[in-house]
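Undergrad: Return atomic coordinates for the entry below.
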Amino acid sequence: MSNFDNESFYSRGLELYKKNQLDNSLNFLMRIENKDLNILKLMSQIHIKKKDFIVAKTILIEILKLDQKNLFALNNLGDLNKIERNFEDAEKYYLKSISYDGNAISSYFNLASLYEDKGKLDLAKKNYLKVIEIDDKNYAAYFNLQRLEENLITDEIIKRIDHHLKINQSLKNKNIAYGHFIMAKNFRKKNEVDKEIAELSKGHKIFFDSDPMNRNAVNYWLVTVPKMVDKNFQFENSDTKKIKSNNIEPIFIFGIPRSGTTLVETIITSGEEKVYNAGENFILQKAMQKLQSNKKLHESEKTIKMDISYLKKNIVNSYIKQFSVKSEKFKFIDRTMTNFFFSEILLELFPNAKIINCSRDNFHNLIAIYQQCLNNLPWSHHVEDIKKYISIYNLKLKSLNKNYNKNILNVELKTLTEFPEKTSKEIMSFCNLPWSDKVLKYYERKDLICTTASNIQIREKIFKYDSAKFLPYKEYFDNF
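TA: Model prediction:
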């Protein structure tokens, strides 16, 4: 094969990748015989997007064989190990990257984020400050510092950011978006709601527009998936003898972001009995994709037929592998936020599953989401999209409560914060777990890891819900 052919295949693969046609892109890249670093990098990015983390890691390690100091490979291996909750390995890769390049901003930033998740807040601050030392206009680092300790963002820094934002009108730069989120929080502290909302609006718009794939992602979660799960599910080949799951006791935590899911998860895992924690993962999503690629899922206009035995085997084995369990009997938590769409499938797979539905006032939830920058949730950057997502969720849970009420416990965030002991006892009893005062002293845990936007709040005692703080926003948003 000539160099011209290789260059042509790479160019075509890159073009298709930019259009998010991942499988087609990969087909062209695989035809290149001698793959250089650029080709391997692109292939790893494709597999990361496809959630094929095992394959992605294999390719990244291949890159390191060619170039042991390759910062791209080291940083991405850190990221993938962090996603898979291999936190020690993630830390090693970030530190190795920094050892080769003392100005490796991405590695410092990701290391700071890792320390933040682990509750090592002083180390997190140190590394965010290092990012700022290298690049004093890295507003993502300022944004996270502001979350850790507001006093670190001085009036002088605010003035400097404000000045830079006024002269830099980039409409697709995530870093600029973070600048607007910093300004929004500054105005929130001063109770200047109109200015806060104006900055939030700018920040969300820039962040959303920074990635052309966001529009497709919003359409997928707000249109495509709801239409799909409204169809009639038909489960075929339901042979329970093929794989046992009756001894596996899953606890699925459902909820809109900012509704208390992290708090409930932490309460359950802080008890006396061991409960494995899958966190947020892609186990169901990847198993469904595998089902489809192996032609064991058939979708028509009104129905979806699937080989439930094949699906169960893949999913159960994935959980067992993640936890490295040897016993056939164990409990685990899965807090994947999109699982609610597929609740009927989960209950067919695990008839004894416990589902905890976390909720709060819809309007409060809307504001709490809009005040954040939830960078992995494209629907969270427009008010109307947030409303639509909440409405879809509420309709789904209404149906679920009607048809599977024995499997569901509804936990209201306000009630949990006002009556923590009573509510936590209800949660633990529902999960067939013993209660002790340890579950409400979760903030004393040394092993507490939190990868959500609540990773700072969760390290403090439960504080009483404050409904009054949302009142000033009523005049700026339509009734919801």
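
Undergrad: Could you check how far stretch 220-227 is from the centre of its chain?
TA: Mean C-alpha position of stretch 220-227 versus that of the full chain (Cα atoms, centre = their mean, to the nearest Å) differs by 18 Å.

Undergrad: Give me the average confidence score over it.
TA: Averaging pLDDT along stretch 220-227 gives 95.

Undergrad: Likewise for stretch 180-188?
TA: Mean pLDDT, computed over stretch 180-188, is 96.

Undergrad: cool, and stretch 324-331?
TA: Mean predicted lDDT for stretch 324-331 stands at 78.

Undergrad: next one: stretch 153-164
TA: 94.

Undergrad: what's the answer for stretch 199-208, then?
TA: On average, the pLDDT along stretch 199-208 is 97.

Undergrad: who touches it?
TA: Identification of contacts with stretch 199-208 by Cβ atoms under 8 Å, 6 or more residues apart in numbering yields 170-174, 176-181, 183-184, 187, 214, 370-371, 373, 375, 378, 380-382. Glycine gets a C-beta too; all of them are placed from N, C-alpha and C.

Undergrad: Now the buried members of the residues you listed.
TA: 173-174, 176-181, 183-184, 187, 214, 370-371, 373, 375, 378, 380-382 (16 or more other Cβ atoms under 10 Å).

Undergrad: need the strands for the protein, in chain order.
TA: Remark: strands assigned in the chain by DSSP state E are 232-236, 248-255, 276-277, 297-299, 303-307, 330-334, 354-359, 408-412.

Undergrad: What residues sit buried inside the top helix by length along the chain?
TA: Counting residues, the longest helix found in the chain (DSSP state H) is helix 383-403. Neighbour counts using 16+ other Cβ under 10 Å place Val383, Asp385, Ile386, Lys387, Lys388, Tyr389, Ile390, Ile392, Tyr393, Lys396, Leu397, Leu400 of helix 383-403 among the buried residues.

Undergrad: I'd like those as JSON lines, with distance to Ile105 and pLDDT appended.
TA: Below are the buried residues of helix 383-403 laid out as JSON lines (distance: Cβ to Cβ, whole Å; pLDDT from 0 to 100):
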{"residue": "Val383", "distance to Ile105": "33", "pLDDT": "97"}
{"residue": "Asp385", "distance to Ile105": "31", "pLDDT": "97"}
{"residue": "Ile386", "distance to Ile105": "31", "pLDDT": "97"}
{"residue": "Lys387", "distance to Ile105": "36", "pLDDT": "97"}
{"residue": "Lys388", "distance to Ile105": "36", "pLDDT": "97"}
{"residue": "Tyr389", "distance to Ile105": "33", "pLDDT": "97"}
{"residue": "Ile390", "distance to Ile105": "36", "pLDDT": "97"}
{"residue": "Ile392", "distance to Ile105": "38", "pLDDT": "97"}
{"residue": "Tyr393", "distance to Ile105": "37", "pLDDT": "97"}
{"residue": "Lys396", "distance to Ile105": "41", "pLDDT": "94"}
{"residue": "Leu397", "distance to Ile105": "42", "pLDDT": "94"}
{"residue": "Leu400", "distance to Ile105": "44", "pLDDT": "92"}
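
Undergrad: which of the residues you listed lies closest to Arg147?
TA: Arg147 lies nearest to Ile386 out of those, by Cβ to Cβ, at 20.4 Å.

Undergrad: With adjacent residues omitted, what lies nearest to Lys57?
TA: In space, and not counting its chain neighbours, Lys57 is closest to Leu80: 5.6 Å by Cβ to Cβ, 6 or more residues apart in numbering.

Undergrad: burial measure for the one you found, as a count.
TA: 21 (other Cβ atoms under 10 Å).

Undergrad: residues in contact with it?
TA: Counting by Cβ under 8 Å, 6+ apart, Leu80 touches Ile48, Phe53, Ala56, Lys57, Leu60.

Undergrad: any idea how far Asp5 is from the fourth one?
TA: The span separating Lys57 from Asp5 equals 29 Å under the rule Cβ to Cβ, to the nearest Å.

Undergrad: More neighbours: which of those two?
TA: Lys57 (19 against 12).

Undergrad: right, and the more buried one touches Leu74 too?
TA: No: taking contacts as Cβ atoms under 8 Å, Lys57 lies outside contact range of Leu74: 12.0 Å.

Undergrad: Take the contacts of Leu80 and keep only those in helices.
TA: Using DSSP H, those in helices are Ile48, Phe53, Ala56, Lys57, Leu60.

Undergrad: who wins for most neighbours among the residues you listed?
TA: Result: Leu60 is most packed of these (other Cβ under 10 Å), 25 neighbours.

Undergrad: Chain neighbours aside, what residue packs nearest to that residue?
TA: Per Cβ to Cβ, 6+ apart, closest to Leu60 is Ala73, 4.5 Å.

Undergrad: contacting residues for the one you found?
TA: Lys41, Ser44, Leu60, Ile61, Ile63, Leu64, Asp67.

Undergrad: residues in contact with the nearest residue to Glu62 once chain neighbours are set aside?
TA: Closest residue to Glu62 apart from its sequence neighbours, by Cβ to Cβ, 6+ apart: Leu40 at 6.0 Å. By Cβ under 8 Å, 6+ apart, Leu40 lies in contact with Ile59, Glu62, Ile63, Leu66.

Undergrad: how close does the first one sit to Lys126?
TA: Distance of Ile59 to Lys126, computed by Cβ to Cβ: 32 Å.

Undergrad: who's more crowded, these two?
TA: Between Ile59 and Lys126, Ile59 has the larger neighbour count (other Cβ under 10 Å), namely 22 against 14.

Undergrad: Which residue is the nearest non-sequential neighbour of that one?
TA: Using Cβ to Cβ, 6+ apart, the nearest residue to Ile59 is Ser44, at 4.3 Å.

Undergrad: Surely that neighbour is in contact with Ile61?
TA: No: Ser44 is beyond contact range of Ile61, at 9.8 Å (criterion: Cβ under 8 Å).
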